[in-house]
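**Student:** fold the following and give me the result.
(one chain, ligands or ions: 1)
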Amino acid sequence: MERSVRVQALVLSHNDFGEADRYVKLLTPDRGKISALAKGVRKMNSRKAGHLEPFTIISAQLVQGKGSSWIISQVSTIESFPGLTDNLESTCHAAYVSELTDRFATEEYSNFELYKLAVETMRRLSRITDHFPVLRYFDFRLLDLAGFRPQLHSCVRCGNEIIEEQQFFSNILGGVVCPKCGMKESGIVSISSRSLKYFRYYQTHNFSQAAAAGWPADLRQESEIILTNYLTYFAEKKINSQIFLNCIR
Ligand SMILES: [Zn+2]
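**Tutor:** Model prediction:
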């Protein structure tokens with residue numbers, strides 16, 4: 001077991017511990033998710049505190065504490081996104097990304113692509129005004145990385161090609177269901193042809209293409225509900241920041 005290690009990481013979240021300490025959840029490019037203790041970080045004169053706020057990219061020296069837990073001995077900021085914390089809605093969106101990333105990340109198991117996606121999404125949220133396409137693009141890439149890419153071109157039940165009509169979406173089956181199979185299926189929701197078109201486009205294009213396509217205002221609610229429910233189904237627990245986001249609307 002290593003006694004000390006230097007990591008680069010994205011701060012996902014933190015939790016107060018004891019009187020002055022805090023557990024910080026970190027996502028690293030080469031070691032997956034790490035939970036580390038930041039001692040004395042809630043004291044007024046803490047020099048570490050400012051570097052350990054959520055959505056900050058840091059360089060940290062971790063040392064092995066008692067048992068197998070990590071303790072943060074040194075930390076500095078590599079990149080921060082002040083724009084993500086200066087208003088409630090942006091903070092909510094960054095928290096949504098952070099929480100979903102946390103749910104799908106594995107402890108101390110390398111997943112460079114997930115790290116890259118989370119960091120790129122934070123950067124996009126901080127510089128692009130319209131967050132909706134940024135978040136939906138994140139949803140589709142996360143589903144790909146997690147192995148839950150929804151099937152959007154043929155019916156998940158009978159395999160027939162989905163033509164433009166009133167089709168459905170099934171979380172359990174992981175994709176679209178044709179109207180005929182939909183009559184026999186439970187736990188499905190309808191998805192409009194227009195929303196499905198955007199789902200397919202975002203699933204198969206890169207970010208600049210997706211951002212250029214945008215997402216029509218009248219389809220946003222329907223699309224967001226279907227995607228968030230699908231992600232929630234796999235994340236098992238409800239996505240807290242999404243619930244929070246729905247509250248402030
Ligand atoms: Zn079918």
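**Student:** quick one: mean pLDDT over the longest strand seen in the chain.
**Tutor:** Taking DSSP state E as the criterion, the chain has its longest strand at strand 4-17. When pLDDT is averaged along strand 4-17, the result is 95.
**Student:** next, count neighbours for the residue found closest to residue 42 once you drop the neighbours it is linked to in the chain.
**Tutor:** Once flanking residues are discounted, residue 42 sits nearest to residue 20: 4.7 Å by Cβ to Cβ, 6 or more residues apart in numbering. The C-beta positions use only the backbone N, C-alpha and C, and glycine is treated the same way. Residue 20: 14 surrounding residues under other Cβ atoms under 10 Å.
**Student:** could you do residue 114 as well?
**Tutor:** When neighbours are counted by other Cβ under 10 Å, residue 114 comes out with 21.
**Student:** looking at it, it is touching residue 104, isn't it?
**Tutor:** Yes: here residue 114 lies in contact with residue 104, judged by Cβ atoms under 8 Å, at a distance of 6.8 Å.
**Student:** overlap in contacts of these two?
**Tutor:** Common neighbours of residue 114 and residue 104 (criterion: Cβ atoms under 8 Å, 6 or more residues apart in numbering): 142, 145.
**Student:** picking up where we left off before, with just CA atoms, put the longest strand of the chain into PDB.
**Tutor:** Output in PDB follows, covering the C-alpha atoms of strand 4-17 (Å, rounded to 0.1, in the frame of the first residue of the first chain):
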ATOM      1  CA  SER A   4       1.700   9.000  -0.100                       C
ATOM      2  CA  VAL A   5       0.500  10.000  -3.600                       C
ATOM      3  CA  ARG A   6       0.100  13.100  -5.700                       C
ATOM      4  CA  VAL A   7      -3.200  13.300  -7.600                       C
ATOM      5  CA  GLN A   8      -4.900  15.700 -10.000                       C
ATOM      6  CA  ALA A   9      -8.600  15.700  -9.300                       C
ATOM      7  CA  LEU A  10     -12.000  17.300  -9.700                       C
ATOM      8  CA  VAL A  11     -13.700  18.000  -6.400                       C
ATOM      9  CA  LEU A  12     -17.200  16.400  -6.700                       C
ATOM     10  CA  SER A  13     -18.600  17.200  -3.300                       C
ATOM     11  CA  HIS A  14     -17.800  17.400   0.400                       C
ATOM     12  CA  ASN A  15     -19.300  16.500   3.700                       C
ATOM     13  CA  ASP A  16     -18.600  18.000   7.100                       C
ATOM     14  CA  PHE A  17     -17.000  15.600   9.600                       C
END
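**Student:** mind giving me the packing neighbours of it?
**Tutor:** Applying 3 or more Cβ pairs under 8 Å, 6 or more residues apart in numbering; DSSP states H and E, one finds that strand 4-17 contacts strand 21-28, strand 32-38, strand 57-64, helix 88-104, helix 112-127.
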